[in-house]
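In: sequence plus the predicted model coming up.
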Amino acid sequence: MPEQGGQLHDLLRAWARGICALEAATELLIRAGLAGPTHPWVCRAPEPAGGRGVAWIDFAAVSAYVGPMSPPERRVLLFAASLSDVDAAPAVRLGDLTRVGPRRMELLIAALRHAGGQRDAWQERARAGG
């Protein structure tokens, strides 16, 4: 699992860097366990010789994959896609987000705060015990 928690996540964060909404949506999926190498919305380009490679999340395609997911996972994924502000990303019904459970709710709140420009939202969550 080093790939999942290490280099891949670093590549995803590098791809999203500089756009608060994209950073927030990407970090949400990483922290929710929904940005691993087996997730079909996580994409990778072949690594160039001597390069680190590139990874990204295809937020516009996530709706094609939510059918077999558990309801809480589906809600988090759709929220992240909607938050990403990527064209053609699926929208989320805000009322559905009230049923994600306390841990995921904290992640959603941190992501929303980050998307709004509060880049230390994840650190505040960690200090609060999340």
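Out: Everything's here; your move. All values reported here derive from a predicted model rather than from experimental measurement. Numbering: from 1, shown residues only.
In: did I read that right, G117 in a helix?
Out: No. Counting by DSSP: H, G, I helix; E, B strand; the rest coil, G117 is not part of a helix but coil.
In: who's in contact with it?
Out: G117 sits next to C20 when contact means C-beta atoms under 8 Å, 6 or more residues apart in numbering. From N, CA and C alone the C-beta is placed, and that goes for glycine too.
In: all strands for the protein, in order.
Out: Remark: strands assigned in the chain by DSSP state E are 42-45, 54-57.
In: between these, which gets nearest to L8?
Out: For L8, the closest of the strands of the chain is strand 54-57, at 5.8 Å, according to C-beta to C-beta.
In: sheet-wise, list the partners of that closest one with their directions.
Out: strand 42-45 (antiparallel) (DSSP bridges).
In: which of the residues in the strand it pairs with are buried?
Out: For strand 42-45, the neighbour count (16 or more other C-beta atoms under 10 Å) marks V42 as buried.
In: over to stretch 99-115?
Out: Those would be 100, 104-108, 110-115, for stretch 99-115 by 16+ other C-beta under 10 Å.
In: contacting residues around it?
Out: So stretch 99-115 is contacted by 20-21, 23-25, 27-28, 31-32, 71-72, 75-76, 79-80, 83, 97, 121-122, 124-125, 128, 130 (C-beta under 8 Å, 6+ apart).
In: try 7 Å this time
Out: Contacts with stretch 99-115, where a contact means C-beta atoms under 7 Å, 6 or more residues apart in numbering, come from 20-21, 23-25, 27-28, 31-32, 72, 75-76, 79, 83, 97, 121-122, 125, 130.
In: export the strands of the chain as TSV, with columns for distance to H9.
Out: Converted to TSV, these look like this (distance: least, C-beta to C-beta, whole Å):
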stretch	distance to H9
strand 42-45	10
strand 54-57	9
